[in-house]
Structure formats: structure tokens, C-alpha cells
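Novice: Build me a model from this:
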Amino acid sequence: MNIGLIAHDAKKKLMQNFCIAYRGILSKNTLYATATTGRLIEEVTNLTIHKFLAGHLGGIQQLAAQIESNEIDLMIFLRDPLTPKKYEPDIKNIFRLCDTHNIPLATNLATAELLIKSLDRGDLEWREMYK
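Specialist: As a prediction, the model looks like this:
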């Protein structure tokens, strides 16, 4: 499965810890991330990440294009809801596209853990029929 990973600055350490904890599951999948998030994950996990541009420089739009092309099966976007971003329309577009294309989306740690454990159990195999 193809997994998209994005984390706002205030959540990057949390994303690193999440990826350390679930490295075994993540290593069985193809991972895509915005540049800084991807680099930080690689540094602590040794996972291979396909990196796009930094989020605010177009990386979120690049991931959105992957979602729109049905190339992402699961999206984990650990966001900071208390700090407004200049690129908020791009963020909302990710949510809209995930809803439109039936792509599971986690925006917090609790949901991310539920989805990653579901992935490990095989509960997301239904995504294969969307390809």
C-alpha cells in the first residue's frame, strides 16, 4: 500500500515517534512524504521515503495530485489545528480529496494508530479494488 505522511512543524517529533513505533508495519509499504517530514522520518527510522517538496512550497499539492490519481491508499496528516497556516486551502484540499476518493485519513495520533493497526491486520485490502 502507498502511505502519505505529512506533519506540521509542531507535530514533526510526534510523527517521528509514530514511525519509530510502527516501523515494522511501515517498512512493508511504500511511503510518500513532504520533504522535511520525510527527511526527519528517514533520519530516525532508516525507512525509505519518496519525498516531495516541502509542504508550503508545493509538497502538499504534489501529494494531493497523488491522491487525485488514486496513488495513495492511506493518508496520515498530523496537523496543528491551533496554528493557522497560509496554505490552509491546500490542507483542506487534501481532506476533500481523501473524502472524494475514499482514502482513509488520520489527522491525529489516535486515528493514525487505529489505521496503521488496521492496515497490519489486512482491514484495508478493499483499497485494492479502487485501483
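
Novice: contacts and neighbour counts: CA atoms only from here.
Specialist: OK.

Novice: what's in contact with the lowest-mean-pLDDT helix or strand in the chain?
Specialist: None of the helices or strands of the chain scores lower by mean pLDDT, DSSP states H and E than helix 88-100, at a mean of 91. The contact list for helix 88-100 (Cα atoms under 8 Å, 6 or more residues apart in numbering) reads 60-61, 63-64, 67-68, 75, 104-105.

Novice: does the residue nearest the centre of the chain sit in a helix, a strand or a coil?
Specialist: For the chain, the residue nearest the mean C-alpha position is Leu5 (2.3 Å; Cα atoms, centre = their mean). Using DSSP: H, G, I helix; E, B strand; the rest coil, the secondary structure recorded for Leu5 is strand.

Novice: which stretches of this protein have low pLDDT?
Specialist: Flagging of the chain using pLDDT under 70 yields the residue ranges 130-131.

Novice: on that earlier part again, what about the least confident helix or strand of the chain, distance to the chain center?
Specialist: Here helix 88-100 is found 13 Å from its chain centre; the criterion is Cα atoms, centre = their mean, to the nearest Å.

Novice: Helix or strand next in line after it, which one?
Specialist: Sequence order places strand 105-106 as the next helix or strand after helix 88-100, per DSSP states H and E.

Novice: Contacts for that next one, please.
Specialist: So strand 105-106 is in contact with 74-78, 95, 98, 112, 115, going by Cα under 8 Å, 6+ apart.

Novice: Only alpha carbons, please: show the next helix or strand after that strand as CSV.
Specialist: As assigned by DSSP H and E, the chain's next helix or strand after strand 105-106 is helix 109-121. What follows is helix 109-121 as a C-alpha-only set of coordinates in CSV (Å, rounded to 0.1, in the frame of the first residue of the first chain):
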residue,chain,number,x,y,z
LEU,A,109,-2.3,10.2,16.7
ALA,A,110,-5.3,8.3,17.9
THR,A,111,-6.7,7.8,14.4
ALA,A,112,-3.2,7.2,12.9
GLU,A,113,-2.7,4.3,15.3
LEU,A,114,-6.1,2.8,14.5
LEU,A,115,-5.4,3.0,10.8
ILE,A,116,-1.9,1.6,11.0
LYS,A,117,-3.1,-1.3,13.1
SER,A,118,-6.0,-1.9,10.7
LEU,A,119,-3.5,-1.9,7.8
ASP,A,120,-1.4,-4.5,9.6
ARG,A,121,-4.5,-6.8,10.1
